[in-house]
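In: Provided below are the primary sequence and the corresponding predicted coordinates.
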Amino acid sequence: MKIAFATNGENLKAKIALHFGKADKFLIYDTGKKVFEVYPNPEVLGKELPPDFLNRMGVDAVITFSLGPMAFGKLKRFGIKIYKAKEGTISENIKLLEKEKSSPLSEKDIF
């Protein structure tokens, strides 16, 4: 499974950005291979919307604190699951998802 995180950091010890579309980067973690890659936010570069980019990268899930309605709709249409981030690092949120302790993002987190 590939999980995407919006972040301003460079590694698994980084915090998750407060808003999906405002982050500088996306970290994509592969749970099978236990590796990650960091990419610049394609929207900041004026190239592509984040949901389209993440779909193209084969992402299965996103863990975020909040996102906009357009991003939410696109991710849903692509079949990408959206989970609510918890305070802490990306690594801690990966462990919560692997232990099935992550909750789906709620409507109140879409703005």
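Out: Thanks, I have it. Residues are numbered from 1 along each chain as shown.
In: Bridged to residue 3, which residues?
Out: Per DSSP bridges, the residues bridged to residue 3 are residue 29, residue 61.
In: got the contact list for it?
Out: Listed by Cβ atoms under 8 Å, 6 or more residues apart in numbering, the contact set of residue 3 reads 28-29, 31, 59-63, 94, 97. C-beta: built from backbone N, CA, C; applies to glycine.
In: Dump those residues to TSV, plus neighbour count, pLDDT and distance to residue 15.
Out: TSV is the format used below for the contacts of residue 3 (neighbours: other Cβ atoms under 10 Å; pLDDT from 0 to 100; distance: Cβ to Cβ, whole Å):
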residue	neighbour count	pLDDT	distance to residue 15
28	19	98	16
29	23	98	15
31	14	96	20
59	23	98	19
60	15	98	22
61	19	98	18
62	26	98	16
63	24	97	12
94	19	97	13
97	18	95	16
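In: any idea which of the residues you listed is closest to residue 38?
Out: Taking Cβ to Cβ as the measure, residue 38 sits nearest to residue 28 out of the contacts of residue 3, at 7.9 Å.
In: I'd assumed residue 4 was in contact with that closest one.
Out: Yes - counting by Cβ atoms under 8 Å, residue 4 is a contact partner of residue 28 at 5.1 Å.
In: Report the set of residues contacting both of those two.
Out: Here residue 28 and residue 4 share the contacting residues 54, 57, 59, scored by Cβ under 8 Å, 6+ apart.
In: can you count the residues close to the first one?
Out: Other residues near residue 54 come to 27 when the count uses other Cβ atoms under 10 Å.
In: Now it: closest residue in space that isn't a chain neighbour?
Out: Once flanking residues are discounted, residue 54 sits nearest to residue 4: 5.0 Å by Cβ to Cβ, 6 or more residues apart in numbering.
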